[in-house]
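1. Got a sequence here, can you build the structure:
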Amino acid sequence: MKQIKSNTDTSDGWFKDNVESYSQLINTYRSRMKSVINREEDSAVIRHRSRGKFDARSRIELLTDENTPFLELSVLAAFGQYDEQFPSAGIITGIGKIHGKMCMIIANDATVKGGTYISETVKKHLRGQEIALKNNLPCVYLVDSGGIFLPEQSRIFPDHDGFGRIFYNQSQMSAAGIPQISIVMGSCTAGGAYVPAMSDETIIVKNQGTIFIGGPPLVKAATGEEVTAEELGGAFVHTRISGVADHLAENEIDAIRICRNIFELIPQNDSQHFENVSIEEPLYDPFELYGLAPIDLKKPVNIYEIIARIADGSKFEEFKQYYGETIITGYSRILGLPVGIIANNGFLTSEASLKGAHFIEICNFRKIPILFLQNISGFIVGKKYEHEGIARNGAKLIHAVATAVVPKITVIFGGSFGAGNYAMAGRAYNPDFLFMWPSSKIGVMGGQQAQQVLKSIKGNTLDRNSNLINQFEEESSAYFSTSRLWDDGIIDPVDTRKIVGLAISIASNKKCPEPKNGIFRM
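-> Reported below is the predicted structural model:
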């Protein structure tokens, strides 16, 4: 493959200014990540550990194979909401390895409101199950939860993707033959009792884990019966009397040992083989992405410079280089794995749409995963383009993205606006993973454009003091997005290469279906 030759002068003033500005964004990002991960002085964490219990991330570290990566998802879920009372939405999700087998791990954080569920907790739990189901990943639930956070019950109980969907997903995963193991390390109350009850095998920690549909206060209110939590649903009850749990653990370390032993006999998946070659580092330092990453989205970005700092050996074999040049398509490798790259280089035109659809069809037949690099303001507009059929041709690209059978990884490194978000594998188009850089933006359009549109409709009736621009700025930020789980997490640009490679490896855990149609030249 051809090597990209960088034309960036890293000693230039504009580059250094960009590095300085982006470094400030990175410092903010790291500070916010630290605020939800490092909670050593939090009174709830201190109290939790005083009971001899490990925190959720420590449990995951003990469970997974040593010196192997753990891809944690949506670390900043619920950030900026609920007066910051729900760091990481009170649940840790991610993919790691147990005895060399990739698995999804979903761990309640009992130091956050007793591990209870708000809307974002449910959404994060469901997203973990969705990834497990799509990629045929065994699932481990580290259960330590009080169930629904009652003040929020109306938002998370009765709807299609409410709390009950967790158990529906467990049934679907079981029917698909995906192993599910629960370790009950604390409370497992009300609807949450069904997580271990619906797992293939359940481990419960002695004198610590409890499972019951209704806890002691509810039992007393309903029947007048007074009973302790241990008598009602402790480890001995469920391993000797009810049979709800299958393995009795002496402590958390023992419970993790039992789980790891179970994984020894879980068969390895029949995965999709992607030709893997020796890894080549990029020719250019990935830290230079700080000088290239867009801060002012009105300024153009040389997408080749971005690819040169992500791809193995900075190599990129371009497809249809001189046609539909507002979208860049071509072949590369990341961490030795093959990847087709679709990247924005301006508005989406009819030609760019046809080019992208053609490239996706080729990737489908050759079983090449696709990386979408988003920096898109949308489809081109105007009389000329409407007459040329931009809607029809754009629909072809959207159809190709929606029906792609190979893994899709999306990274929003700039703007993601309007239908361009859809055409470039936004959340609604089921990418296997979607990540954002700290400076990226996502919305139906920019704030100034929205205000201009409303002015043209309402004329002088539009309030001159309208705060629409500020509203759009706030609601389009990467932090607003990740807080509501519109993505799988904000990542440091420097880590893009590593995370994309890991995501492709995870997505290869399940064979790709065969395409239903041949390749139509657009």
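2. What residues sit buried inside stretch 118-138?
-> 118-133, 135-138 (16 or more other C-beta atoms under 10 Å). Every residue, glycine included, has its C-beta placed from N, CA and C.
3. With stretch 422-433 instead?
-> For stretch 422-433, by 16+ other C-beta under 10 Å, it's Tyr422, Ala423, Met424, Ala425, Gly426, Arg427, Tyr429, Pro431, Asp432, Phe433.
4. okay if I get those as a markdown table plus secondary structure?
-> Listed next are those as a markdown table, based on DSSP: H, G, I helix; E, B strand; the rest coil:
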| residue | secondary structure |
| --- | --- |
| Tyr422 | helix |
| Ala423 | helix |
| Met424 | coil |
| Ala425 | coil |
| Gly426 | coil |
| Arg427 | helix |
| Tyr429 | helix |
| Pro431 | coil |
| Asp432 | coil |
| Phe433 | strand |
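5. Closest one of these to Thr10?
-> Met424 (28.4 Å; C-beta to C-beta).
6. Now do the contacts for the closest one.
-> Met424 sits next to Ile342, Asn344, Phe372, Gln374, Ile376, Val401, Thr410, Ser416 when contact means C-beta atoms under 8 Å, 6 or more residues apart in numbering.
7. from what I can see Asn302 touches Leu292, true?
-> Yes: using C-beta atoms under 8 Å, Asn302 is in contact with Leu292, at 7.4 Å.
8. Who has more neighbours out of those two?
-> Ranked by neighbour count (other C-beta atoms under 10 Å), Asn302 and Leu292 place Leu292 first, with 23 against 13.
9. mind listing what that one touches?
-> Here Leu292 is in contact with Thr8, Phe15, Asn18, Val301, Asn302, Glu305, Ile306, Arg309 (criterion: C-beta under 8 Å, 6+ apart).
10. who wins for neighbours among those residues?
-> Going by other C-beta under 10 Å, Ile306 tops the contacts of Leu292 with 26 neighbours.
11. Nearest spatial neighbour of that one, chain-adjacent residues omitted?
-> Nearest in space to Ile306, with sequence neighbours left out and distances taken as C-beta to C-beta, 6 or more residues apart in numbering, is Leu292 at 6.1 Å.
12. roughly how far apart are that neighbour and Asp312?
-> 18 Å (C-beta to C-beta, to the nearest Å).
13. Repeat that for Ile376.
-> Counting by C-beta to C-beta - Ile376 and Asp312 are separated by 25 Å.
14. Neighbour count for the two, which is higher?
-> Shown here are Ile376 and Asp312; by other C-beta under 10 Å, Ile376 has more neighbours (28 against 24).
15. Would you agree the more buried one is in contact with Thr349?
-> No: with contact defined as C-beta under 8 Å, Ile376 does not count as touching Thr349 (11.8 Å).
16. Tell me which stretches of the stretch 401-522 of the chain form strands.
-> In the stretch 401-522 of the chain, the segments counted as strands under DSSP state E, counting those that start in this stretch are 408-417, 433-436, 441-443.
17. cool, and the chain?
-> Ranges of strands in the chain, per DSSP state E, are 71-73, 91-98, 101-108, 139-145, 180-188, 201-205, 247-249, 317-319, 327-334, 337-344, 370-376, 408-417, 433-436, 441-443.
18. do you know which of these lies nearest Lys2?
-> It is, among the strands of the chain and with distance given as C-beta to C-beta, strand 317-319, at 5.8 Å.
19. can you list contacts of the closest one?
-> Met1, Lys2, Ile328, Thr329, Gly330, Tyr331, Ser332, Lys355, Phe359, Ile362.
20. do stretch 276-283 as well
-> In contact with stretch 276-283 (C-beta under 8 Å, 6+ apart) are residues 3-4, 6, 308-315, 333, 335-337, 497.
21. Which pLDDT does the model give Lys511?
-> In the predicted model, Lys511 carries a pLDDT score of 87.
22. what's near enough to touch it?
-> Asp270, Ser271, Gln272.
23. repeat that for 10 Å
-> Residues counted as contacts of Lys511 (C-beta atoms under 10 Å, 6 or more residues apart in numbering) are Asn136, Asn269, Asp270, Ser271, Gln272, His273, Lys367, Val405.
24. wait, isn't the third one in contact with Asn136?
-> When you say that, I think you mean Asp270. Yes: Asp270 lies in contact with Asn136 (C-beta atoms under 10 Å); the separation is 8.7 Å.
25. Would you mind giving the buried residues of stretch 422-433 as a markdown table with distance to Glu281 added?
-> Output for the buried residues of stretch 422-433, formatted as a markdown table (distance: C-beta to C-beta, whole Å):
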| residue | distance to Glu281 |
| --- | --- |
| Tyr422 | 34 |
| Ala423 | 32 |
| Met424 | 27 |
| Ala425 | 27 |
| Gly426 | 31 |
| Arg427 | 31 |
| Tyr429 | 31 |
| Pro431 | 26 |
| Asp432 | 25 |
| Phe433 | 23 |
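26. which one of the residues you listed sits closest to Val75?
-> Closest to Val75, out of all of the buried residues of stretch 422-433 and judged by C-beta to C-beta, is Phe433, at 13.9 Å.
27. can you pull up the bridge partners for the closest one?
-> Beta bridges link Phe433 to Ile409, judged by DSSP bridges.
28. Look up how far Arg32 lies from it.
-> 21 Å.
29. For the contacts of Leu292, give me CSV that also has distance to Ser278.
-> Output for the contacts of Leu292, formatted as CSV (distance: C-beta to C-beta, whole Å):
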residue, distance to Ser278
Thr8, 27
Phe15, 31
Asn18, 33
Val301, 30
Asn302, 28
Glu305, 24
Ile306, 23
Arg309, 19
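30. Narrow the residues you listed to those in helices?
-> Using DSSP state H, Phe15, Asn18, Glu305, Ile306 are the members of the contacts of Leu292 that sit in helices.
31. Distance-wise, check Asn207 relative to Leu468.
-> For Asn207, the distance to Leu468 - C-beta to C-beta - is 57 Å.
32. what about these two, which has more around it?
-> Counting neighbours by other C-beta under 10 Å for Asn207 and for Leu468 shows that Leu468 has the greater number, 17 against 12.
33. do you know how far that one is from Ile368?
-> For Leu468, the distance to Ile368 - C-beta to C-beta - is 42 Å.
34. Tell me the spacing between the residue lying closest to Thr8 once chain neighbours are set aside and Asn393.
-> Excluding the flanking residues, the one nearest Thr8 by C-beta to C-beta, 6+ apart is Glu305, at 5.5 Å. To Asn393, Glu305 is 28 Å away according to C-beta to C-beta.
35. Distance to Ala503 added to the strands of the chain, as CSV?
-> What follows is the strands of the chain, written out as CSV (distance: least, C-beta to C-beta, whole Å):
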stretch, distance to Ala503
strand 71-73, 7
strand 91-98, 9
strand 101-108, 11
strand 139-145, 18
strand 180-188, 22
strand 201-205, 28
strand 247-249, 33
strand 317-319, 21
strand 327-334, 9
strand 337-344, 10
strand 370-376, 9
strand 408-417, 5
strand 433-436, 4
strand 441-443, 19
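36. give me the low-pLDDT residue ranges for the stretch 101-250 of the chain?
-> For the stretch 101-250 of the chain, no stretch has pLDDT under 70.
37. Please enumerate the helices of it.
-> In the stretch 101-250 of the chain, the helices defined using DSSP state H, counting those that start in this stretch lie at 119-135, 153-156, 165-175, 194-197, 216-223, 229-233, 235-236.
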